[in-house]
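# Need a 3D model of the following:
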Amino acid sequence: MNRWDQDKIVAALLDRKARGLALNSRAIRKSDQPLCGAIRKHFPSHDAALLAAGIDPASARKVFPRDAAKVVSALRARRDAGLALNGGTVIKADPRLYSAAYKKFGSYAAALSAAGIDPETVRMKTKWDKARITAALRDRQARGLALNGGTVVKADSRLYSAAYKEFGSYAAALSAAGIDPETVSTRARWDKARIVAALRDRRARGLALNGGAVVKADPRLYSAAYKQFGSYAAALRAAGIDPEAVRVKTRWNKARIVAALGDRQARGLALNGATVVKADAALYGAASRHFGSYPAALRAAGIGPGALHT
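Take a look at the predicted model:
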């Protein structure tokens, strides 16, 4: 049972934003009743919940773009946030935007071109090869996403199917990507050494280590840490990580946000919005609140658009 509080609601809203899902109250009521109910219980209004997540309520309301400039702006905003721009995804995530793009420019491809986005670069490619498969698996690993077969089949069936076809088995594809299949299996036995290694790996990849983030990203790791060490904090200490240092701080300011973004860049970690909201929702939310938007925070940190795609 999910025990909602304001922090979990903010994280859920930021996750929806990162995935390009609608944030207006009607859309959330239709697609996520538990989240809708939690907002009503813990916030005085839907707008108050959005503001707590650093989201402008006006931007979340479904307003049909009335001119070409707004369509262009919306497409660029998706690009800057690292969200998918292929037609199929946008039709599902924001059908009004897709429809407006078609009506204002004659075709969706023409709208992308007007926004300075090459339509060919956003199309979902159907030709998988071994290099692309291993790159996709490493990307999931870098973002702290589960790599066991059952999860990948549900999250990206095309990737799983291609891995099986090109390598003969999903396990062989993982090995080709430098990932030990045993470490991603949900059947693998957790022991103290493996737990310590997993926590250190999250730290090395710049992923959040506070309990809430790990429960959401890898509940098996959190559960194993608790069972093997008696507490999650004890597991962190065994891994040489100060539990106090990983707790989500509530006092963000512009200087700390800029420093955190600069640190991610210095360590070669992804900076696009979708990745950061999953790896460190607190940082993303603070950046949006203090600078008005995540891209504005990146600019304040001296990070250009090119860094988002590296």
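
# what is the rounded mean pLDDT of the one helix or strand Tyr164 maps to?
Tyr164 is part of helix 157-167 when elements are defined by DSSP states H and E. Regarding helix 157-167, the rounded mean pLDDT is 83.

# Can you give me the buried ones in the helix or strand just after it?
Taking DSSP H and E as the definition, the helix or strand that follows helix 157-167 towards the C-terminus is helix 170-176. Of the residues in helix 170-176, those scored as buried under the neighbour-count criterion (16 or more other Cβ atoms under 10 Å) are Tyr170, Ala171, Ala173, Leu174, Ala176. (C-beta placed from N, C-alpha, C; glycine too.)

# I'd guessed the second one sits against Ile179; true?
In other words, Ala171. No: at 9.6 Å, Ala171 does not count as touching Ile179 under the criterion of Cβ atoms under 8 Å.

# low pLDDT regions in the protein?
By pLDDT under 70, the weakly predicted segments of the chain are 1-2, 62-66, 82, 124-126, 154-156, 185-189, 216, 248-250, 278, 305-310.

# Can you give the domain ranges for it?
6-60, 68-122, 130-184, 192-246, 254-309 (automatic domain parsing).

# Just to confirm, which residue in this protein is farthest away from the center?
Distance from the C-alpha centroid of the chain, by Cα atoms, centre = their mean, peaks at Gly106 (31.9 Å).

# so what's the backbone phi/psi at that residue?
phi 90, psi -20 (degrees, to the nearest 10).

# separation between it and His42?
Using Cβ to Cβ, to the nearest Å, one gets 45 Å for the distance from Gly106 to His42.

# got it, and Tyr284?
20 Å.

# ok, the two, which is more surrounded?
Tyr284 (27 against 17; other Cβ atoms under 10 Å).

# how about Ile179, phi and psi?
Here the main-chain torsion angles of Ile179 (degrees, to the nearest 10) amount to phi -110, psi 120.

# ditto for Gly116
Per-residue torsions, Gly116: phi 80, psi 20 (degrees, to the nearest 10).

# Run a quick neighbour tally on it.
For Gly116, the count of nearby residues is 10 (other Cβ under 10 Å).

# residues touching it, list them.
Arg76 (Cβ atoms under 8 Å, 6 or more residues apart in numbering).

# Please apply the same query to Gly206.
Going by Cβ under 8 Å, 6+ apart, Gly206 touches Arg264, Arg267, Leu269, Ala279, Asp280.

# Buried ones among these?
With burial judged by 16+ other Cβ under 10 Å, the buried subset of the contacts of Gly206 is Arg264, Leu269, Ala279, Asp280.

# Relative to Leu271, how far out is the first one?
So the one you mean is Arg264. Using Cβ to Cβ, which is the criterion applied here, Arg264 is 6 Å from Leu271.

# ok, the nearest residue to Tyr102 once chain neighbours are set aside - contacts?
Counting by Cβ to Cβ, 6 or more residues apart in numbering, Tyr108 is the residue found nearest to Tyr102 once chain neighbours are left out, at 5.6 Å. Contacts here follow Cβ under 8 Å, 6+ apart; on that basis Tyr108 touches Gly87, Val90, Tyr98, Ala101, Tyr102, Pro119.

# ok, back up a step: outside of the helix holding Tyr164 itself, list whatever touches it.
By Cβ under 8 Å, 6+ apart, the list of residues contacting helix 157-167 from outside reads 128-130, 132-133, 136-137, 149, 152-153, 170, 173-174, 176.

# Would you mind identifying the next helix or strand past the strand or helix carrying Ala255?
Using DSSP H and E, the secondary-structure element containing Ala255 is helix 254-266. For helix 254-266, the succeeding helix or strand toward the C-terminus, using DSSP H and E, is helix 273-279.
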